[in-house]
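> pasting the structure only:
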């Protein structure tokens, strides 16, 4: 099955600096890569996702890049703010065609992002 | 966006009792829902895939008789932890995919189970 590795496990950056979290996956058939933010005691919230037919996607201060050949994808957060502090999870799944294939996600182990004021 | 609701958000029970957790898709129909388990400071581990109108598909190592899943309608899946023991204490999270918006999985807020 799929195996997702995530690094680093903890990342501390100064407010205003950028943060980068990296993930690798093992199953070349995976085609959907979401990133989730989880605050303490809450469920994960999707912040951005990317599909295998796209190399990069950006949404304001957040961007994700995907290298299918190397099987790795990264989350980039620019101009970090205190409210960005949370645990971030990458994930991968293999989803079928339109309306089909409901594979569950395989998650990385998470990165605890700490924004230093 | 789509909303997934879980109930209860937390529950404390005695060892040996059974606990039911509900997962509802509030504004969309979900033929498939997923149940995850998360231990403190760890990642989410997929337990099972809940299929409306048919049996759930369990991941390797997850006991079917221990974690009963029922997906009786297009908006409700339930997870029952039977004969709960302290080692079953965990954060249980469900998710569902709204096919109207593609592949995004929406997660519930989770249910924290503590077995005394």
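Arrived safely, thanks for sending. What you see is a predicted model, and the numbers here were worked out from it, not measured in a lab.

> near chain A, which residues of chain B?
For chain B, the contact set with chain A under CB under 8 Å from any CB of the partner chain comprises B:4, B:6, B:31-32, B:34, B:36, B:42-46, B:49, B:93, B:95, B:97, B:99, B:103-110, B:112. Just so you know, the C-beta spots here come from the backbone N, C-alpha and C atoms, and that holds for glycine as well.

> where does chain B have its least confident helix or strand?
strand B:105-107 (a mean of 86; mean pLDDT, DSSP states H and E).

> which element follows that one toward the C-terminus?
The helix or strand immediately downstream of strand B:105-107 is strand B:111-115, counting by DSSP states H and E.

> hmm, which of the residues of chain B next to chain A are the buried ones?
B:4, B:6, B:31-32, B:34, B:36, B:43-46, B:49, B:93, B:95, B:97, B:99, B:103, B:105-110, B:112 (16 or more other CB atoms under 10 Å in any protein chain shown).

> the nearest residue to residue B:62 once chain neighbours are set aside: what secondary structure?
Leaving aside its chain neighbours, residue B:62 sits nearest to residue B:47 (4.9 Å; criterion: CB to CB, 6 or more residues apart in numbering or on different chains). Classification of residue B:47 using DSSP: H, G, I helix; E, B strand; the rest coil returns strand.

> contacting residues for residue B:47?
By CB atoms under 8 Å, 6 or more residues apart in numbering or on different chains, the residues touching residue B:47 are B:35, B:36, B:37, B:58, B:59, B:62, B:67, B:79.

> low-confidence ranges, chain B, go.
B:1-2, B:101-103 (pLDDT under 70).

> let's see 90
Applying pLDDT under 90 to chain B flags residues B:1-3, B:27-32, B:40-41, B:50-55, B:72-74, B:97-106.

> okay, strands next: where are they in chain B?
With DSSP state E as the criterion, chain B has strands at B:4-7, B:10-13, B:19-25, B:32-38, B:44-51, B:57-58, B:67-73, B:76-81, B:90-97, B:105-107, B:111-115.

> the fourth one pairs with which strands, and in what direction?
Here strand B:32-38 is paired, per DSSP bridges, with strand B:44-51 (antiparallel), strand B:90-97 (antiparallel).

> repeat that for the last one.
Strand B:111-115 has these partner strands in its sheet, going by DSSP bridges: strand B:10-13 (parallel), strand B:90-97 (antiparallel).

> got JSON lines for these, with distance to residue A:88 too?
Below are these laid out as JSON lines (distance: least, CB to CB, whole Å):
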{"stretch": "strand B:10-13", "distance to residue A:88": "24"}
{"stretch": "strand B:90-97", "distance to residue A:88": "16"}
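
> most packed of the ones you listed?
Comparing the strands paired with strand B:111-115 by mean neighbour count (mean count of other CB atoms under 10 Å in any protein chain shown), strand B:90-97 ranks first with a mean of 25.

> what comes into contact with that one?
By CB under 8 Å, 6+ apart, strand B:90-97 touches A:43-44, A:102, A:104-105, B:2, B:4, B:6, B:21, B:23, B:25, B:28, B:30, B:32-40, B:44, B:50, B:77, B:79, B:81, B:103-108, B:110-113.

> what about residue B:65, neighbour count?
By other CB atoms under 10 Å in any protein chain shown, the residues close to residue B:65 number 7.

> hmm, it is touching residue B:83, no?
No. Using CB atoms under 8 Å, residue B:65 is not in contact with residue B:83, being 9.3 Å away.

> please report how far the nearest residue in space to residue B:40 that is not next to it in sequence lies from residue B:110.
Nearest residue to residue B:40 in three dimensions, chain neighbours excluded: residue B:91, at 7.9 Å (CB to CB, 6+ apart). Plainly put, residue B:91 is 5 Å away from residue B:110 if you go by CB to CB, to the nearest Å.
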